[in-house]
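Engineer: Kindly generate the corresponding structure for this input.
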Amino acid sequence: MKILHAQGGRPGLLPLVLGVAACASPPGAAPPVTVAPDHPNVVAFWNEIANRTVLAAGPVATTPEEQRPAVFFDLASVHVALYDAVVAIEGRHKPFAVKPGTPAAGASTEAAVSAAAHGVLQALFPNRSAQYQAAYEQRLALLPDGPAKARGLALGREVAAGVVRWRAQDGRSVTLAPYASGTRPGQFRAANPNPVFRHFPSIRPFALRSLDQFRPAPPPSLDSAVYAAALEETRTLGGTSSSARSAEQLEVARFHTEPPPSAITRNLGRFAASTASVADAARLMAMIYVSYVDAIGACFEAKYHYQSWRPLSAIRMADADGNAATSKDEAWSPSLPTPNHPEYPAAHSCTSGSLGETLRHFYGTPAVSFSWDSSVTGTTRRYTGVEAFSAEAGLARLHGGMHFRYSVDAGEQLGRQVARWVAQRHFGRQE
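Structural biologist: Modelled structure (predicted):
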């Protein structure tokens, strides 16, 4: 078995719409694609089991993953293992992290995928076996015994072990000093002594050379016209009482406030079940999750590097920003709760930008339609074109009073840069 992958500088918001944005395919692009989760397959099966496992609360915690869960990073490990197991057998694409030495000829893909998923989950979450052990045994019981099953199991287990070794000591267990909020104008004021996701910048990336590789330029200076315009926009659109924001716009903002662990894991499952091809499903999900985790890691690296204040602080303290074009509003509050981490860049835009760019590369067209639902509003929304979801998510953060427009811009660009980097260097065809 070979461990193939190693990490290794740093080389205006799109028009925003509510609900659906059209996206025409450029000349020579593949035809439009509609994602429909109507193809159950072994990748979709194990994606669902992995989701349940990483979201479950175990009775005890003995591994770093159980002690300090990082949901999307752990799911990325699972999907890398599924992908490497599949490509070892089907041979069309390059492996991402592990090239197994187990002979692949005649191996059962179904057995290999099941063994790879089970192996990673068992290593990372040994005390959550109630989520995956019975499913594993029942899935294998459906396969006829024989050389194909045996070879598939051996190959999948080897890949799982390789991925677990590759991601061991990934940095999630770093000990962080107590957080001290800033006191100068422009600096982030934490809502409590423990702002969230501070450990994300310490987690080793999957594909990027470093998490600061695409770090955006600094946010606009407090005395700039750009900053003044952004502050006024969020003050006008994002406050608890706003005559410039419609009821529908506030509902869309609420739609995008479901906590990411549940919203992302559930909705990305649509892509796992969007094709009957196990190879295509494994490749798509691995691309999505590798790009997603590197985008969110890079996003929080930038957030804690710049440590910019949120609109809640900026608007109430505008008399201290040195900008004659801003004025403080001590009574202003955001229409929706503000997450307890620095403002710049916007995380929802980092990840939605990453997803859109990944879909563009995988399908060969920006004309990809898909649905997304929210447990907060109990509704489902449909997006036509890869920019539509990111555009709506960005505007939702303005209407929620959580972000400034330049932060949405920077986040979307960062997410796209990360996904483009991943797609151009990984998951390609064998030469």
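Engineer: got any ranges where the stretch 251-400 of the chain has weak pLDDT?
Structural biologist: Applying pLDDT under 70 to the stretch 251-400 of the chain flags no residue at all.
Engineer: Now the element after the helix or strand hosting Val164, going C-ward?
Structural biologist: Taking DSSP states H and E as the definition, Val164 sits inside helix 147-167. Downstream of helix 147-167, the first helix or strand assigned by DSSP H and E is helix 225-238.
Engineer: Now do the contacts for the residue nearest the centre of the chain.
Structural biologist: The centre of the chain sits closest to Tyr292, judged by C-alpha atoms, centre = their mean, with a distance of 3.3 Å. Contacts for Tyr292 (C-beta atoms under 8 Å, 6 or more residues apart in numbering) come out as Phe72, Ala76, Ile264, Thr351, Ser354, Leu355, Thr358. No exception for glycine: its C-beta is placed from N, CA and C like everyone else's.
Engineer: so who does the first one touch?
Structural biologist: Think Phe72. Applying C-beta under 8 Å, 6+ apart to Phe72 gives the contacts Pro260, Pro261, Ile264, Tyr289, Tyr292, Val293, Ile296.
Engineer: Swap in 7 Å and give it another go.
Structural biologist: Phe72 makes contact with Ile264, Tyr289, Tyr292, Val293, Ile296 under the criterion C-beta atoms under 7 Å, 6 or more residues apart in numbering.
Engineer: So which other helices or strands are in contact with the helix holding Val164?
Structural biologist: Packing partners of helix 147-167 (3 or more C-beta pairs under 7 Å, 6 or more residues apart in numbering; DSSP states H and E): strand 2-3, helix 71-90, strand 98-99, helix 109-124.
Engineer: need the ones you listed in TSV with distance to Gln249, can you?
Structural biologist: Converted to TSV, the helices and strands packed on helix 147-167 look like this (distance: least, C-beta to C-beta, whole Å):
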stretch	distance to Gln249
strand 2-3	48
helix 71-90	28
strand 98-99	46
helix 109-124	40
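Engineer: Just the helices from the stretch 301-431 of the chain, written as ranges.
Structural biologist: 311-316, 347-363, 386-399, 405-425 (DSSP state H, counting those that start in this stretch).
Engineer: Mind checking these for the one nearest to Ser327?
Structural biologist: Closest to Ser327 of the helices of the stretch 301-431 of the chain is helix 311-316 (C-beta to C-beta; 9.1 Å).
Engineer: most neighbours, which of the contacts of Phe72?
Structural biologist: Tyr292 (29 neighbours; other C-beta atoms under 10 Å).
Engineer: Need phi/psi at that one.
Structural biologist: phi -60, psi -50 (degrees, to the nearest 10).
Engineer: all numbers from here: first residue = 24
Structural biologist: All right, first residue 24 from here; so that's Tyr315.
Engineer: Would you mind measuring from it to Ala370?
Structural biologist: Distance of Tyr315 to Ala370, given as C-beta to C-beta, to the nearest Å: 11 Å.
Engineer: try Gly376
Structural biologist: Going from Gly376 to Ala370 by C-beta to C-beta gives 11 Å.
Engineer: intersection of neighbour lists for those two?
Structural biologist: Gly434.
Engineer: neighbour-wise, which of those two wins?
Structural biologist: Between Gly376 and Ala370, counting by other C-beta under 10 Å, Gly376 is the more crowded of the two (35 against 28).
Engineer: I'd say the more buried one and Ser413 touch.
Structural biologist: Yes - between Gly376 and Ser413 there is a contact at 5.0 Å, judged by C-beta atoms under 7 Å.
Engineer: residues shared between the contacts of the two?
Structural biologist: Common contact partners of Gly376 and Ser413 (C-beta under 7 Å, 6+ apart): Glu435.
Engineer: Give me the phi and psi for Gly424.
Structural biologist: phi 80, psi 20.
Engineer: Measure how buried it is and give me the count.
Structural biologist: 26.
Engineer: and what of the one 4 residues further on?
Structural biologist: For Arg428, the neighbour count with other C-beta under 10 Å is 22.
Engineer: pLDDT wise, what is it at?
Structural biologist: What the model reports as pLDDT for Arg428 is 98.
Engineer: Pro216 too?
Structural biologist: For Pro216, the pLDDT comes out at 89.
Engineer: so what's it up against?
Structural biologist: So Pro216 contacts Pro201, Tyr202 (C-beta under 7 Å, 6+ apart).
Engineer: Arg207 too?
Structural biologist: Counting by C-beta under 7 Å, 6+ apart, Arg207 has no contacts.
Engineer: gap between it and Leu245?
Structural biologist: Relative to Leu245, Arg207 is positioned 10 Å away (C-beta to C-beta).
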